[in-house]
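[1] Provided below are the primary sequence and the corresponding predicted coordinates.
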Amino acid sequence: MHNRKLDVCLSPELFHLYDHKDRVVIVTDILRATSCMTTAMAYGVNSITPVATVEECIELQNSGMICAAERGGEKVEGFELDNSPYSYMNPDLRGQDIGVTTTNGTMAITKSADALQVLAGSFLNISALADYLKTVDSDLLIFCAGWKGKFNLEDTLFAGALANMLSDSHEAECDAVLASGMLYDQVKDDLQNALKDSSHVQRLKRLNIDKDIAFCLTRDEYQAIPVLKDGKLVLLK
């Protein structure tokens, strides 16, 4: 294997600075899009079509697809599903094709669609993801969805956790890898406490979804890895 490199993009606004086309991109939106996607795949959802806009999601819904739409942490009116991982634990969704739009995560996925491969990463599947990435002979980019273009803490902590797990197989390419890794090491024993003052946790707490936050910070709940194929996320086999 060639000398593999790892980089971290801390916000979608920085994404244009990275040459992602010959890399495997791991998109992460811990609270809560990629955590939902991982949960959905673990519970047998057939595919998830991520779209950037509510309008596109309405079109998918009109074509008969079950859809989820979230903006600002809240469910968009008129859609069946919200952005909680618990919504995807419904056995009725097994084998279904779902359309999804979220404030940050789906936009990050659509931005990186022309990469070598696009995976959805979360704490829920981090070890399965790290094991897979160690076998891939290409450079990697961990892409933090952030919040409306800005840096956020939870995605950066995930990037640091994954970067640290890959430190033996991949060489860090910029300081974002080191910074996120150092940050994660500082707080890894109590992520919930570390994130209690973060902007998105505060936002979600106002919506009374503490159990979502706790669940999304749980490591290795699942082996499932969502991968983008022809515009849809499916289970990586």
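    Now that the structure is in, tell me what you want to look at.

[2] any idea how far F158 is from N152?
    Shown here: F158 relative to N152, a distance of 10 Å by C-beta to C-beta, to the nearest Å. Glycine gets a C-beta too; all of them are placed from N, C-alpha and C.

[3] who touches both of those two?
    Contact with both F158 and N152 is made by residues C144, according to C-beta atoms under 8 Å, 6 or more residues apart in numbering.

[4] who has more neighbours, the two?
    More neighbours surround F158 than the other of F158 and N152, with 28 against 23 (other C-beta atoms under 10 Å).

[5] Quick check: chain neighbours aside, which residue is closest to that one?
    Using C-beta to C-beta, 6 or more residues apart in numbering and skipping residues adjacent in sequence, the residue nearest F158 is T28, 4.9 Å away.

[6] Now do the SS call for the residue nearest to L157 when sequence neighbours are not counted.
    Across the structure, with C-beta to C-beta, 6+ apart as the measure, the residue nearest L157 apart from its sequence neighbours is Y184 (5.1 Å). Under DSSP: H, G, I helix; E, B strand; the rest coil, Y184 falls in the helix class.

[7] who's in contact with D212?
    31-32, 84-86, 204.

[8] hmm, try it at 6 Å
    Residues in contact with D212, defined by C-beta atoms under 6 Å, 6 or more residues apart in numbering, are 32, 84.

[9] and it, how far is that from K75?
    Distance of D212 to K75, given as C-beta to C-beta: 12 Å.
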